[in-house]
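Engineer: compute the structure for the input listed below.
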Amino acid sequence: MRNTFARLSILIILALMAGCTSASETGNSDTGIPVIFDTDANNELDDQHALAYLLLNEEAFDVLGITVNATHSGGEIDEHVKEAQRVVDLVGWKEKVTVLKGANGNFPEIRKQLDQQEFDGSEAVDFIIEEAIKKRKEPLVLLPVGKLTNVALALEKEPAIAKRIRIVWLGANYPDPGEYNLNNDTAAMNYILKTGAPFEMVTVRYGLPSGTYAVKAKRKNIYIRMPGLGPVVEEPVTGRHGDQFTCFGDYSVNLFRHIEHLEDGCFRSLFDMAAVAIVKDPAWAETTEIPCPIYIDNAWVEQPENSRKITIWENFNTEAIMADFYKTLEESQGAVQ
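Structural biologist: You can find the predicted model right below:
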């Protein structure tokens with residue numbers, strides 16, 4: 001009953017806002033694409049580079065918040081929150097954006113708790129709903145670069161937001177099976193695929209040139225180009241592996257020094273950063289619209305008669321994306337925050 005009443009209240013608010021809310025109250029902004037970045041920040045090192053790149057592109061993006069989830073690498077949810085906050089602090093955004101704790105568990109177990117005032121991930125889920133129901137000139141972009149738990153829970157709790165969001169997800173090896181983000185909460189992805197929410201899949205495709213796997217940074221280039229890049233902050237930030245840093249560029253070098261796996265001995269894919277890049281400039285990849293498939297027993301099942309369509313992103317312009325990443329960091333270099 002409580003959940004029904006809450007949903008009815010939100011729908012009433014939506015109706016009222018549609019008719020009488022001013023631009024200054026709705027989140028409409030000329031400052032860029034409205035985005036909520038959803039991340040398992042402590043998992044590897046691509047999340048951190050994606051987040052820094054997003055925040056330092058202030059002309060392109062209006063970043064409303066950072067929501068966090070936990071995948072099976074990187075520890076419990078609090079560790080992911082801490083890592084996201086480190087990056088926020090290092091680029092001088094401590095007072096500009098809030099990091100919100102999301103789901104530690106997965107969609108099937110948490111969805112049973114949605115009638116409670118507080119549940120696993122409620123802070124992030126409620127924030128997504130709150131921002132999604134605001135009237136805007138363009139849809140709110142949800143940019144999840146980990147599992148889809150927070151987004152699925154928000155849609156389950158308030159289905160009306162489906163018409164107000166655009167989901168751009170870094171995940172899946174489509175049309176091949178598997179992939180880390182998908183495997184961490186397949187039920188969440190399948191749930192979203194069955195809704196009417198616009199859905200774009202930024203493919204990973206391990207080992208193939210057509211996915212974000214191909215968007216790689218050479219460790220030597222990181223060591224040469226990243227030191228000192230980004231705004232300089234007055235209060236040092238203690239990194240994940242210890243030591244203290246006052247700019248993101250130095251922290252990037254530290255993250256690369258501690259990475260356990262490198263492709264071809266000297267490269268590391270920055271999957272998540274590529275997802276941010278194609279929202280900024282869609283010309284940096286190719287898109288295909290397909291009838292929405294479903295994922296069953298570790299395999300994609302095509303549904304050619306499905307009227308629901310989703311977008312597949314592939315064939316990323318690695319050179320342009322990496323050049324813009326370095327340019328963004330270089331242009332913000334030394335600005336004291």
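Engineer: so where's the stretch 101-250 of the chain shaky on pLDDT?
Structural biologist: Applying pLDDT under 70 to the stretch 101-250 of the chain flags no residue at all.
Engineer: which residues of it fall in helices?
Structural biologist: Per DSSP state H, counting those that start in this stretch, the stretch 101-250 of the chain carries helices over the ranges 107-110, 122-132, 149-157, 180-184, 186-193, 219-225, 248-258.
Engineer: now do the buried residues in the first one.
Structural biologist: This points to helix 107-110. Of all the residues in helix 107-110, those buried under the rule 16 or more other C-beta atoms under 10 Å are 107, 110. For glycine as for every other residue, the C-beta is placed from the backbone atoms N, C-alpha and C.
Engineer: could you name the helices and strands sitting against it?
Structural biologist: helix 149-157, helix 186-193 (3 or more C-beta pairs under 8 Å, 6 or more residues apart in numbering; DSSP states H and E).
Engineer: could you pull out the strands for the stretch 201-337 of the chain?
Structural biologist: In the stretch 201-337 of the chain, the segments counted as strands under DSSP state E, counting those that start in this stretch are 216-218, 237-239, 242-245, 267-269, 286-291, 294-296, 299-301, 309-314.
Engineer: still on that earlier bit, deepest of the helices and strands packed on helix 107-110, which one?
Structural biologist: helix 149-157 (a mean of 28; mean count of other C-beta atoms under 10 Å).
Engineer: got a list of contacts for that helix?
Structural biologist: By C-beta atoms under 8 Å, 6 or more residues apart in numbering, the surrounding residues in contact with helix 149-157 are 3, 7, 38, 67, 69, 102-103, 105-107, 110-111, 114, 121, 124-125, 128-129, 132, 142, 144, 161-162, 167, 169, 185, 187-189, 191-192, 195, 197.
Engineer: wait, which of the helices and strands packed on helix 107-110 is closest to Gln48?
Structural biologist: Closest approach to Gln48 among the helices and strands packed on helix 107-110 is made by helix 149-157 (18.6 Å; C-beta to C-beta).
Engineer: picking that back up, narrow the contacts of helix 149-157 to just the buried residues.
Structural biologist: Buried members of the contacts of helix 149-157, counted by 16+ other C-beta under 10 Å: 38, 67, 69, 102-103, 105-107, 110-111, 114, 121, 124-125, 128-129, 132, 142, 144, 161-162, 167, 169, 185, 187-189, 191-192, 195, 197.
Engineer: hmm, Phe107 is touching Asn184, no?
Structural biologist: No - contact criterion C-beta atoms under 8 Å: Phe107 and Asn184 do not qualify, at 10.2 Å.
Engineer: ok, what's across the strand from the residue at minimal distance from the centre of the chain?
Structural biologist: What sits nearest the mean C-alpha location of the chain, by C-alpha atoms, centre = their mean, is Pro144, with 3.0 Å. Beta bridges link Pro144 to Asp38, judged by DSSP bridges.
Engineer: quick one: the closest residue to Ala154 other than its chain neighbours from Asp185, how far?
Structural biologist: Nearest-residue entry for Ala154: Ile128, 4.2 Å, with adjacent residues in sequence omitted and distances by C-beta to C-beta, 6 or more residues apart in numbering. When distances are taken as C-beta to C-beta, to the nearest Å, Ile128 and Asp185 turn out to be 16 Å apart.
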